[in-house]
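1. how does the following fold in three dimensions:
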Amino acid sequence: MRFRGNAGASERLGHAGAGEHGPRATRVCRANMNVGVAHSEVNPNTRVMNSRGMWLTYGLGVGLLHIVLLSIPFFSVPVAWTLTNVIHNLGMYVFLHAVKGTPFETPDQGKARLLTHWEQLDYGVQFTSSRKFFTISPIILYFLASFYTKYDPTHFILNTASLLSVLIPKMPQLHGVRIFGINKY
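-> Model prediction:
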């Protein structure tokens, strides 16, 4: 059923007056209404990082974290940058590499139950745009933190260890691998 510009509410709902009468008009109209239609993803975890505005929100969140840390009076600029890097990488490690399963009930018969969010991302396909973005982001933050700490050895070691803790689990060779059985179940 196509509607014209001046169709009234009764016509849009398929009631009498639209030129079509009876149950067929109502059935056709209801078939065109997509109220309460669910997404078509088997596992919504696979596409959440590709959703509209996610990368911008992520960047703004990291920027906000840094501004909050800079606003604390007894933190110097190098300490604020190192804390931004370490807190960011700790959070990303927990959310992407430590937590397993999905917050949704999925019809995949438990396949996602044993996978981390990183392993579920883009259905496990390597080198997608979202995986590249979330791999490059901690590297850029590491470069910024190293530059603003003037490569101080203490900060440099902390920032490097923090970076390695999020880069090593992202390697394609470690997809599904549990080192020493950590996070196996």
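2. per-residue pLDDT of the residue positioned nearest the centre of the chain, please?
-> Central residue of the chain (C-alpha atoms, centre = their mean): Met49, 3.1 Å from the mean position. At Met49, the model reports a pLDDT of 81.
3. again, but for His88
-> Value listed for His88 in the pLDDT field: 98.
4. now it: how far from Val62?
-> 6 Å (C-beta to C-beta, to the nearest Å). Quick note: C-beta positions are derived from backbone N, CA and C, even for glycine.
5. nearest residue to Lys100 in space, please, no chain neighbours.
-> Thr116 (5.3 Å; C-beta to C-beta, 6 or more residues apart in numbering).
6. for the closest residue to Val42 other than its chain neighbours, helix, strand, or coil?
-> Closest residue in space to Val42, ignoring its immediate chain neighbours: Asp108 at 5.6 Å, by C-beta to C-beta, 6+ apart. Recorded secondary structure, Asp108: coil (DSSP: H, G, I helix; E, B strand; the rest coil).
7. then the helix or strand encompassing Gln120 to PDB, C-alphas only?
-> Here Gln120 sits within helix 117-120, counting by DSSP states H and E. Taking Å, rounded to 0.1, in the frame of the first residue of the first chain, the C-alpha atoms of helix 117-120 are listed here in PDB:
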ATOM      1  CA  HIS A 117      35.500  -9.600  22.900                       C
ATOM      2  CA  TRP A 118      38.600  -9.100  20.600                       C
ATOM      3  CA  GLU A 119      38.200 -12.700  19.300                       C
ATOM      4  CA  GLN A 120      34.500 -12.100  18.600                       C
END
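8. correct me, but the residue nearest to Lys100 touches Tyr93?
-> No. Counting by C-beta atoms under 8 Å, Tyr93 is not a contact partner of Thr116; they are 10.1 Å apart.
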